[in-house]
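K.L.:
could you look at this predicted model? Sequence included:
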Amino acid sequence: MRPALHAEWTKVRTVASPLWLLLGMIAATVALSAAATSVVTCGSAGCGDMTKLSLIGVQLGQALVVILAVLVIAGEYGTGMIRTTLAAMPHRTTVLAAKAVTLTGIVAAAGTVAVLGSLVAGRLLLPGRAFTTTRGHPPLSLTDGPTLRAALGSILYLTLIALLSLGVAAVVRDSAASIGIVLGLLYLVPVLSQMIGNPHWQRLLQRIGPMSAGLAIQATTDIRSLPIGPWAGLGVTAGWAAAALLAGGLLLRMRDT
């Protein structure tokens, strides 16, 4: 495993695209969060969830995480480098595991920066939009249990989305198709759930969708009204990631390059 990890880390740090995608993810996440918190207003009808609003940028930043994770393996299929990788490391499960560990590390690190940046933006901007202590909304702080859970959960969510994308790419072996499948899974399921008139099926889709379920971890108010609990929702996303990695690992071992 150690040589495989060293090889994967060398690939990531010596190619420009992973760095730019990670920086783009951080910028997109913080920018959308800052934009959302700068225009919302806490009115008499209700103020909403400050923490979830401040972390809304994760919904955009995850798209760049998907692209990065897919390119980690599907990019090698596109260039033919996968043959060199597997010739140097014949144990294919070890190769996929090394890619998963490397991807987890870099996405978790970048996700931490993006999430903290989003919370800082919310802490600075929301008081000017009438989210004040007198209205029952003290400044965002990681010392607050629900806010800390939402922050850590968002980082875990981004990491799980990366692993889900890696598994799908290992199955499909094509960059464009893999990106399309994962983005469709993330963004179309919530749209479909809103188009369905039946409340039972609508709630079911919200509970099984990797994004709608996983991002429940960001909620800090009205937890009982959610279709699924915060940690249970993140568990659904973890299940999607585990299933994709298992399928990718099995097919990687069974198929020719």
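P.N.:
On my side now, so go ahead.

K.L.:
list the buried residues of whichever helix or strand V65 is part of.
P.N.:
Per DSSP states H and E, V65 falls inside helix 58-79. Under the neighbour-count criterion of 16 or more other Cβ atoms under 10 Å, helix 58-79 has 58-59, 61-77 buried. C-beta: built from backbone N, CA, C; applies to glycine.

K.L.:
now swap in stretch 9-18 and tell me
P.N.:
For stretch 9-18, the neighbour count (16+ other Cβ under 10 Å) marks K11, V12, P18 as buried.

K.L.:
please work out which residues outside that stretch touch it.
P.N.:
Taking Cβ atoms under 8 Å, 6 or more residues apart in numbering as the criterion, the residues outside stretch 9-18 that touch it are L19, L68, L71, V72, T102, I106.

K.L.:
let me know the closest of the residues you listed to S212.
P.N.:
Ranking the contacts of stretch 9-18 by separation from S212, with Cβ to Cβ as the measure, puts L68 on top at 22.3 Å.

K.L.:
nearest residue to the closest one in space, please, no chain neighbours.
P.N.:
Closest residue in space to L68, ignoring its immediate chain neighbours: L21 at 4.3 Å, by Cβ to Cβ, 6 or more residues apart in numbering.

K.L.:
how many residues are close by the one you found?
P.N.:
Using other Cβ atoms under 10 Å, the number of residues around L21 comes to 20.

K.L.:
which ones are touching it?
P.N.:
Each residue near L21 by Cβ under 8 Å, 6+ apart is listed here: L64, V65, I67, L68, L71.

K.L.:
if we go to 6 Å?
P.N.:
Applying Cβ atoms under 6 Å, 6 or more residues apart in numbering, one finds that L21 lies in contact with L64, I67, L68.

K.L.:
adding distance to A151 and pLDDT, write those residues out as a markdown table.
P.N.:
Formatted as a markdown table, the entries for the contacts of L21 read as follows, by distance: Cβ to Cβ, whole Å; pLDDT from 0 to 100:
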| residue | distance to A151 | pLDDT |
| --- | --- | --- |
| L64 | 19 | 97 |
| I67 | 24 | 96 |
| L68 | 21 | 96 |
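
K.L.:
could you provide the residues you listed in CSV, with additional columns for distance to P227?
P.N.:
Compiled in CSV, these are given as follows (distance: Cβ to Cβ, whole Å):
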residue, distance to P227
L64, 27
I67, 28
L68, 29
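
K.L.:
just the closest of these to L116, please.
P.N.:
Within the set of the contacts of L21, L64 lies nearest L116; the separation is 17.4 Å, counting by Cβ to Cβ.

K.L.:
ok, for the closest one, nearest residue in space, not its chain neighbours?
P.N.:
Beyond its immediate neighbours in the sequence, the residue positioned closest to L64 (Cβ to Cβ, 6+ apart) is M25, lying 4.0 Å away.

K.L.:
was I right about the one you found contacting L60?
P.N.:
No - applying Cβ atoms under 6 Å, one finds M25 not in contact with L60, separated by 8.8 Å.

K.L.:
what separates the residue nearest to L68 from T79, distance-wise?
P.N.:
For L21, the distance to T79 under the criterion Cβ to Cβ, to the nearest Å works out to 17 Å.

K.L.:
with L53 instead?
P.N.:
Counting by Cβ to Cβ, the gap from L53 to T79 is 41 Å.

K.L.:
cool, A169 as well?
P.N.:
Per Cβ to Cβ, A169 is found 14 Å from T79.

K.L.:
now for A242, how many residues are close by?
P.N.:
Counted with other Cβ under 10 Å, residues neighbouring A242 total 14.

K.L.:
now it: which helix or strand?
P.N.:
Secondary-structure assignment from DSSP H and E places A242 in helix 230-254.

K.L.:
would you indicate which residues of that helix are buried?
P.N.:
230, 233-238, 240-241, 244-245, 248-249, 252.
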